[in-house]
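A.B. asks: Pasted the sequence and its predicted model underneath.
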2 protein chains.
Amino acid sequence: MYVILMYDVGEKRVGKMLKLCRKYLNWIQNSVFEGEITEVKLEELKSKASCFMDKNHDSLIIFKSRNEKWLDKEIVGKELSSIDNFL
Amino acid sequence: MYVILMYDVGEKRVGKMLKLCRKYLNWIQNSVFEGEITEVKLEELKSKASCFMDKNHDSLIIFKSRNEKWLDKEIVGKELSSIDNFL
């Protein structure tokens, strides 16, 4: 399964969320990740995120596509993913 | 065509980008938008954004899907889109 995941969390939880998401997916921009992931691994990610998320303020949006081919990605401007390894 | 659009722009250009994107799509989180849009309208949006984007620092990522049904959306935590009308 191919997913695009984006989070919006309080400043104090940004580092934790970033670290968690990078274990499962590829960072592409700001608070946005993408990648192939199994249903089981995605459940694991969501469950771990739920532990520290503030449900009244934080959100995690996940778009799932059964096949990456069904999605076209286009980038205007700077491509961020190449910086990923340096962070 | 169904798109998910996310931007990462310098602070000075955030307001302009937000305003522009809201003319074409629905805001769902932070700097993320989604919605049905025609190829022509999307080109219009991209061309307008390019006018004020700093290509060395800013980025706009667009995921396109021919059919919204090919994408499942899941939200964990707070759903932001409902606040849209108040902003």
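C.D. replies: Received, thanks. Numbers count the residues shown, from 1 in each chain, chains lettered A, B, ... in the order given.

A.B. asks: Quick check, pLDDT for the nearest residue to A:Ser65 once chain neighbours are set aside.
C.D. replies: Counting by CB to CB, 6 or more residues apart in numbering or on different chains, A:Ser65 lies nearest to A:Tyr2, which is 4.8 Å off, once chain neighbours are set aside. Any C-beta I mention is one placed from the backbone N, CA and C, and that applies to glycine too. Note on A:Tyr2: pLDDT of 94.

A.B. asks: and what of A:Leu80?
C.D. replies: Here, the pLDDT recorded for A:Leu80 equals 65.

A.B. asks: correct me, but the residue nearest to A:Ser65 touches A:Ile62?
C.D. replies: No: look at A:Tyr2 against A:Ile62 with CB atoms under 8 Å: they stay out of range, at 11.0 Å.

A.B. asks: Flag every residue of chain A that's near chain B.
C.D. replies: Those residues of chain A that sit near chain B, judged by CB under 8 Å from any CB of the partner chain, are A:4, A:6, A:8, A:28-32, A:46, A:49-50, A:53-67, A:70-80.

A.B. asks: if I pick A:Glu44, what's in contact with it?
C.D. replies: Neighbour list for A:Glu44: A:Tyr24 [criterion: CB atoms under 8 Å, 6 or more residues apart in numbering or on different chains].

A.B. asks: Against chain B, how distant is it?
C.D. replies: Going from A:Glu44 to chain B by CB to the nearest CB, to the nearest Å gives 13 Å.

A.B. asks: Leaving aside the residues adjacent along the chain, what's closest to the residue of chain A most remote from its centre?
C.D. replies: Distance from the centre of chain A peaks at A:Gly77, with 20.5 Å (CA atoms, centre = their mean). Spatial nearest neighbour of A:Gly77, chain neighbours left out: B:Ser59 (4.2 Å); criterion: CB to CB, 6+ apart.

A.B. asks: my read: the one you found touches B:Asp8, true?
C.D. replies: Yes: judged on CB under 8 Å, B:Ser59 makes contact with B:Asp8 at a distance of 5.0 Å.

A.B. asks: Which stretches in chain A count as helices?
C.D. replies: Secondary structure of chain A, counting by DSSP state H: helices at A:11-24, A:39-52.

A.B. asks: re earlier: looking at the residues of chain A next to chain B, which are in strands?
C.D. replies: A:4, A:6, A:8, A:28-29, A:32, A:59-65, A:72-77 (DSSP state E).

A.B. asks: Show me which of those are buried.
C.D. replies: Among these, those classed as buried by neighbour count (16 or more other CB atoms under 10 Å in any protein chain shown) are A:4, A:6, A:8, A:28-29, A:32, A:59-65, A:76-77.

A.B. asks: Where does pLDDT dip in chain A?
C.D. replies: Chain A contains residues with pLDDT under 70 at A:80-87.
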